[in-house]
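J.: Got a predicted structure plus its sequence, pasted below:
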Amino acid sequence: MERFKQAFAYALAIMALLSLFGAIYQAMTQQPQSAAILGALFLAAAFLFYLPQLETFKAFMVEVRLRQSVDRAEEIIERLRQVFIVNAKTTYMTLAWGNRWGSPKATEKQTLLDDVDQQLRALNVSDVERRAISDKFVAMIGIDLYVIYLHIFERYVAWKNSNQRTLSPAERQKLSDEINKWRRNLGHPGRELATYDLMEHLQRATPIEVLDADHRPTAEKFRSEILALHTACREKGGFTLEAAQFCDRYRDETGQSAKVKELFGSHVNL
């Protein structure tokens with residue numbers, strides 16, 4: 001195979017030289033059409049012969065620009081790959097820290113990020129690298145789920161607080177103390193994004209002592225559902241369809257009020 005390549009290269013070199021001499025001769029004898037044809041043959045032969053080495057080639061008022069080597073091409077591809085990784089990081093961070101409750105919806109965000117993931121895979125970015133890029137975004141999904149969970153129970157607590165007139169003075173004081181204790185115990189997971197434990201914050205956001213006894217199993221089941229949604233998001237490296245639809249459905253007061261009634265009964269009037 002190597003001998004064939006060498007023989008082919010020599011043949012191209014000989015053809016190029018003969019074409020060049022012929023073109024010069026035809027030009028001297030005032031045969032411009034023949035000179036042009038031979039010049040084109042020379043250009044083609046020289047182009048094929050020097051293709052792997054040339055960056056710029058000029059002849060007969062024609063210029064051909066080529067990459068100098070395969071190594072140079074690979075270097076360019078690697079640079080493009082790094083640029084795209086940086087761009088992907090920027091996209092994830094912009095969507096993670098942007099307006100949490102405005103548009104676009106969670107489903108729309110993840111559609112965009114799925115397109116980013118396809119490009120990352122096309123550039124041979126490993127799953128480990130891609131997960132590192134999306135870590136903060138996935139953590140912020142946990143914050144979204146936590147905030148929805150907290151707001152739902154805040155609405156439940158508001159309902160309990162509004163029904164104090166049916167309680168005795170001692171019961172009202174006990175309820176008030178339990179609500180104040182629950183609120184003081186709430187954390188701020190957004191301030192500790194790198195280390196926060198979603199399970200811990202969900203437990204602190206569950207007003208166990210405020211809940212009616214028959215509502216506590218429902219609250220525990222709901223907390224497990226939230227954790228399952230976030231676990232699936234971590235495995236994917238972004239919103240799952242179920243998590244995105246959940247966030248879109250319950251991100252406003254109307255959706256949260258509906259969820260309270262769904263969980264604890266229609267008698268919970270908000």
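T.: Everything's here; your move. Residues are numbered from 1 along each chain as shown.

J.: all strands of the chain, in order?
T.: Ranges of strands within the chain are 56-59, 62-65, based on DSSP state E.

J.: any idea how far the nearest residue to P207 once chain neighbours are set aside is from A258?
T.: Among residues not flanking P207 along the chain, W182 sits closest, at 4.5 Å (Cβ to Cβ, 6 or more residues apart in numbering). C-betas here are computed from N, CA, C, even on glycine. Here W182 is placed at a distance of 23 Å from A258 (Cβ to Cβ, to the nearest Å).

J.: you'd agree the residue nearest to P207 is up against E209?
T.: Yes: the criterion here is Cβ atoms under 8 Å, and W182 meets it with E209 at 7.1 Å.

J.: what residue ranges in the stretch 51-200 of the chain score low on pLDDT?
T.: Within the stretch 51-200 of the chain, the stretches with pLDDT under 70 are 51-73, 76-77, 79-80, 82-84, 86-87, 89-91, 93-103, 189-194.

J.: quick one on the thing from earlier: name the residue in W182 and E209 with the higher neighbour count.
T.: With neighbours defined as other Cβ atoms under 10 Å, W182 and E209 compare such that W182 has more, 20 against 13.

J.: how about the more buried one, what does it touch?
T.: By Cβ atoms under 8 Å, 6 or more residues apart in numbering, the contact list for W182 reads 157, 207, 209-210.

J.: In this protein, which helix is the longest?
T.: Secondary structure of the chain read by DSSP state H shows that its longest helix is helix 127-162.

J.: Could you give me the buried positions within that helix?
T.: 130, 133-157, 159-160 (16 or more other Cβ atoms under 10 Å).

J.: Tell me which other helices or strands it touches.
T.: Judged by 3 or more Cβ pairs under 8 Å, 6 or more residues apart in numbering; DSSP states H and E, helix 127-162 is in contact with helix 70-97, helix 106-122, helix 169-184, helix 198-204, helix 216-236, helix 241-249, helix 253-264.

J.: if you compare these, which one is most tucked away?
T.: helix 241-249 (a mean of 18; mean count of other Cβ atoms under 10 Å).

J.: That helix to helix 106-122, inter-axis angle?
T.: Helix 241-249 and helix 106-122 are oriented at 140 degrees to each other (axes from the mean of the first three to the mean of the last three Cα atoms, to 10 degrees).

J.: any idea of the mean pLDDT for helix 241-249?
T.: Averaging pLDDT along helix 241-249 yields 94.

J.: and the angle from it to helix 253-264?
T.: Using the same axes, to 10 degrees: helix 241-249 against helix 253-264 is 120 degrees.

J.: which helices and strands does helix 241-249 pack with?
T.: helix 106-122, helix 127-162, helix 216-236.
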